[in-house]
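>>> turn this into a model:
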Amino acid sequence: WTNGCFDILPVGHITYLQKAARHGDVLVVGLNSDASVQANKGPDRPVVPEAERALVLSALECVDYLTIFSDKTTVGILEVLKPSVYAKGGDYTLETIVQEERRIVEGHGGRIAIIPGVEGRSTSALIQRITGGG
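Reported below is the predicted structural model:
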């Protein structure tokens, strides 16, 4: 299991998803809905609507299943799925992820995999380059 906004899919997200998929037999991706992206990232995001983001993600060979969610956290999904691995990007640590999510995963014997990112290859970095902000 992994989750995110996956808005404007840069190479950093692709390599992240490929690495996340290697941690298990099946990769389920939780995609933040448009409303939850706006709540987390601000009114100018997402750039790409959820239906299009879902189509792009589901076309990736490394993604087996995809679900769109609107909650602030993935607690409810994790309680149902009980993933053996919860992959998080390298911008997180075991201490900075949502601790309730961590307790649920580790509570049923799962583990958290922190996957290093590709420096400068995030959606935010790409948007900054496109708009001349970086």
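>>> got the contact list for the closest residue in space to Glu79 that isn't next to it in sequence?
Taking C-beta to C-beta, 6 or more residues apart in numbering as the measure, Glu79 lies nearest to Ile104, with 5.8 Å between them; neighbours along the chain are not counted. Glycine gets a C-beta too; all of them are placed from N, C-alpha and C. Remark: with contacts taken as C-beta atoms under 8 Å, 6 or more residues apart in numbering, Ile104 is in contact with 75, 78-79.
>>> on the three-state scheme, Ile104 is what?
Classification of Ile104 into helix, strand or coil gives helix, according to DSSP: H, G, I helix; E, B strand; the rest coil.
>>> what's the answer for Asp44, then?
Assigned with three-state DSSP, Asp44 falls in the coil class.
>>> does Gly117 touch Lys88 like I think?
No: checked against C-beta atoms under 8 Å, the pair Gly117 and Lys88 is beyond contact range at 10.4 Å.
>>> of the two, which one has the most company?
Residue environment comparison for Gly117 versus Lys88 gives the larger neighbour count to Lys88, 23 against 17, counting by other C-beta atoms under 10 Å.
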